[in-house]
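# Pasted the sequence and its predicted model underneath.
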Amino acid sequence: MAARRADQKQIRITVNGDVYSLLKRIAGLKESSMNKVIGESIDRYLESEDIREMIDRHRLEDEE
């Protein structure tokens, strides 16, 4: 397992078995890891229009 960079944080999620199996197969087809597939999904979510509006409206990126 690769070491995490200092700016990275670990999270734990729980999904149902069907979602887990689907993510695992997608990662295999992409010759990628489930971690990378889920990370890409989170990035897309955070870039979606409604979430960007919420982040901007509440100035969430200004907070630490």
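Yep, it's here. Numbering: from 1, shown residues only.
# The residue sitting furthest away from the middle of the chain and Asp50: what is the separation?
Seen from the C-alpha centroid of the chain, the residue lying at the greatest distance (CA atoms, centre = their mean) is Arg57, 21.9 Å away. Per CB to CB, to the nearest Å, Arg57 is found 10 Å from Asp50. Backbone N, C-alpha and C define where each C-beta goes, glycine included.
# give me the low-pLDDT residue ranges for this protein?
1-2, 63-64 (pLDDT under 70).
# And the helices in it?
17-29, 34-47, 49-57 (DSSP state H).
# Would you tell me which of those gets closest to Ala3?
helix 34-47 (13.4 Å; CB to CB).
# List the buried residues in that closest one.
37-38 (16 or more other CB atoms under 10 Å).
# Just give me how far that helix sits from the chain centre.
3 Å (CA atoms, centre = their mean, to the nearest Å).
# go on, stretch 53-62?
19 Å.
# cool, stretch 5-25 as well?
Using CA atoms, centre = their mean, the offset of stretch 5-25 from its chain centre is 8 Å.
# And that stretch, end to end?
27 Å (CA to CA, to the nearest Å).
# which residues touch it?
4, 34, 37-38 (CB atoms under 8 Å, 6 or more residues apart in numbering).
# Which single one of these is nearest to Asp62?
Arg4 (25.0 Å).
# Could you identify the most distant pair in the contacts of stretch 5-25?
Maximum distance among those (CB to CB): 17.5 Å, for Arg4 and Val37.
# Just give me the neighbour total for Asp50.
Asp50: 8 surrounding residues under other CB atoms under 10 Å.
# same question, the one 3 residues further on
For Glu53, the count of nearby residues is 10 (other CB under 10 Å).
# Can you name the residues that contact it?
Contacts of Glu53 (CB under 8 Å, 6+ apart): none.
# For it, give its distance to Leu60.
For Glu53, the distance to Leu60 - CB to CB - is 11 Å.
# How about Gly39?
Distance from Gly39 to Leu60, by CB to CB: 19 Å.
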